[in-house]
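Q: Quick one, fold the following:
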Amino acid sequence: MKRIAAALLLVGFFFSFAGCRGINGTETDPPPQESPVPAASPTPAGTPAGTPESPMPAGTLQFTRETMPRLDGSTSTAPLAVAVCAALLGESEEDVADLVQFSKTTNAYFNLLQGGADLLIVGEANEEVYAEKERLGFEWEQTPFATDAFVFVVNEDNPVNSITVEQARDIYTGRITNWRELGGEDREIIPLQRNSGAGSQTLMEKLVMQGEPMMEAPTGYVVATMGQLMEAVKSYDNSPGAIGYSVYYYAEEMKMARGLKLLQLEGVAPNPETIRSETYPLVNPKYVVIPADAAADAPNRMLYNWLLSEEGQRLIAAEGYVSVLALDVTPSATPLVGGRWYASYTGSVLPRDDYGTLIPYAGQRLADDWPSLTGCLYGLMTETGIAVTDPVFSGAARASYYKGGWMYTLPLLLLRQGDPTAESWSQGRTAVCAADGSWCTEFSYELTASSQDGLLLFAGETLTVMAPDGAITHVLTRETMGIAEEDWSEMIADLTWGEGPGAQRYGDRIVIRLLREDDSTPYEDLQYLVYDLGRGVTDVIESAQYEEMSLQRWEPSGEEPVYAVENTEPIADRLYGADAPYLLLKTTYGGEQVREYFLSDGTPLPELTIHGDFWYRQVSLVGGLIEELDLNTASYYDPATMTCVFRTYLGYEGE
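A: Okay, the predicted model is just below:
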């Protein structure tokens, strides 16, 4: 749900820039602050007049692996700790996983009391912890950094949607034993419990039972981990009779609730709004905890203060937790190298003329490809690795066309908003943006077609014709073009699925569709319906005329190219096409597939060599930068030095 929402609402947030620039560390110079500039001419209709915000100021804390505090905490806060470490150390989340070996709530508190941890990111402590704290005379500082909710989960096939707190208490005392008593099916209730040391068990006793003893759990009804409980609720006895409890973040944001349903309590559904406002009845803080005697300049004290600051709260909110501060951010990726132009979330292109060429970057990998054609959400950055937008587009690419078998591009970016509710990838919305970000239309167009003559932009039964420089030359409707509804539908179908000649432009002529009586019609007798932009009329042309027009698109490009490395194939620059240097790929098959990469002059790039057939490892060229996609990172290198100018964490949460 979180991934789809990101694509629909165009949300995202970045946190750390240029690795870890710290309190005493150096910073790269921000982009110049200038007054807003008017959109460059030509400005298509619908161009927003966005006002740029001020560039991002100073960076954040500076830590190394040696100075990073020893962390411990709850199962549900471990993902946050990973994100914090990755951002502060400038490493991927996989690389910092060894720093986050959380021992669960109760053990984490004991580790702090016994000197085995420096800082906790944790839930509620139980009475046993408080007793040991008092015995040791230990003093801590404990402050809420986020609000969580205590939730009940059932199988998604259970027809019951809501219970009361009193009914939950009655289930776990044994007074209610059948779902029929709650308006459900005649089915036994299987009340699963957590072990006594679990943080969720502490919350259950505090928030729900309120001093009343829980029924003794039958053998097999007590589970040791949150994940085991979720699986048990989903599959216990192959029926929807089980119920369990968790915290909202783990059940919803960690994707453990697939196949499950979160019950409403007192008729209120748990979500960030109801949790922060406390209209949901069972809420409880998440805490950051350090020893009270931690020095002001101690790493754990600095991290403690940072987590409670606005910057820390933004990361907390970006990771899906309900932060204490009500910040308008939502989950997204974290850049590890590079910078950003604007201090706050930027969900659209804010037009100005000093960005330079804008380059699409992968900023978030979706758990499922939908609604992004490539499986990633994209943002836009400058050639020097400064993010101009957050990763909010389900597609971002130069308008391109082919001639002589080679790809060429126009100085126009096509930005896509996917529609997760649609049945086809084509059913999204597209905006057109100048290659330098000096103007951008609204997301007004459903389908596009590109040629050397410019763009055809379709919305409903309206066709907008745009020149390569962005000037709009025609706005036509199906009726004014004299095209029958059936022919228009056929053209849109061709355009949607990439089959047939529909909506191909050749000079002033647009091929609408192929006219044929039946599949046995000889090729030389085929006819095509076309619209002439110059004359404003619809014509029918013969196959020979269509073939003559088509030759300009596929005319030979000259002699076969000779590449600097034998047995390689070229990888064209996705932004600049055939007019720019390319990469060479050499694939060796055998016991193990090996992919080796070279610059167009034959210079080997051993850093990019891939051993094995990994679907998620992809290397390409975009805007003169080498893009390397891994499962969880997207890195962009200067080919001359192989220096990384931009790297972002993709936040993959696949099965």
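Q: Any regions of the stretch 1-150 of the chain where pLDDT drops low?
A: 1-61 (pLDDT under 70).
Q: All the strands of it, in order from the start?
A: Listed from the start of the chain, the stretch 1-150 of the chain has strands (DSSP state E, counting those that start in this stretch) covering 71-73, 119-122, 140-155.
Q: got those strands as JSON lines, with mean neighbour count columns?
A: Placement of C-beta: from N, CA and C, glycine included. Output for the strands of the stretch 1-150 of the chain, formatted as JSON lines (neighbours: other C-beta atoms under 10 Å):
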{"stretch": "strand 71-73", "mean neighbour count": "28"}
{"stretch": "strand 119-122", "mean neighbour count": "27"}
{"stretch": "strand 140-155", "mean neighbour count": "21"}
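Q: Could you dump those strands into a markdown table and include distance to Y589?
A: A markdown table is the format used below for the strands of the stretch 1-150 of the chain (distance: least, C-beta to C-beta, whole Å):
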| stretch | distance to Y589 |
| --- | --- |
| strand 71-73 | 45 |
| strand 119-122 | 47 |
| strand 140-155 | 46 |
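Q: Can you say which of those strands is nearest to G312?
A: strand 140-155 (7.6 Å; C-beta to C-beta).
Q: Report the strands that pair with the helix or strand just after the closest one, each with its relative direction.
A: Remark: after strand 140-155, the chain's next helix or strand is strand 162-163, criterion DSSP states H and E. Taking DSSP bridges as the criterion, strand 162-163 sits next to strand 264-265 (parallel) in its sheet.
Q: Next SSE downstream of the partner strand?
A: Scanning onward from strand 264-265 (DSSP H and E), the first element met is helix 272-276.
Q: ok, then the element right after that next one?
A: Going down the chain from helix 272-276, the next helix or strand is strand 283-291, by DSSP H and E.
Q: what angle sits between the next helix or strand after that following strand and strand 140-155?
A: Helices and strands here follow DSSP H and E; after strand 283-291, the next one along the chain is helix 299-307. Per axes from the mean of the first three to the mean of the last three C-alpha atoms, to 10 degrees, the angle that helix 299-307 makes with strand 140-155 is 60 degrees.
Q: Could I get the CA-only coordinates of helix 299-307 as CSV?
A: In CSV, the C-alpha atoms belonging to helix 299-307 read as follows (Å, rounded to 0.1, in the frame of the first residue of the first chain):
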residue,chain,number,x,y,z
PRO,A,299,27.8,10.4,20.4
ASN,A,300,24.7,8.9,22.0
ARG,A,301,23.7,12.3,23.4
MET,A,302,24.2,13.9,20.0
LEU,A,303,22.1,11.2,18.3
TYR,A,304,19.5,11.4,21.0
ASN,A,305,19.1,15.2,20.4
TRP,A,306,19.1,14.7,16.6
LEU,A,307,16.3,12.1,16.6
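Q: returning to that earlier point: among the strands of the stretch 1-150 of the chain, which is nearest S620?
A: Comparing those by C-beta to C-beta, strand 71-73 comes nearest, at 36.6 Å.
Q: what does that closest one contact?
A: 81, 85, 99-100, 102-103, 105, 107-108, 111-112, 116-122 (C-beta atoms under 8 Å, 6 or more residues apart in numbering).
Q: redo that, cut-off 6 Å
A: 81, 102-103, 108, 111, 117, 119-122 (C-beta atoms under 6 Å, 6 or more residues apart in numbering).
Q: now, among these, which is nearest to R416?
A: Using C-beta to C-beta, A81 is the member of these that lies nearest R416, at 34.3 Å.
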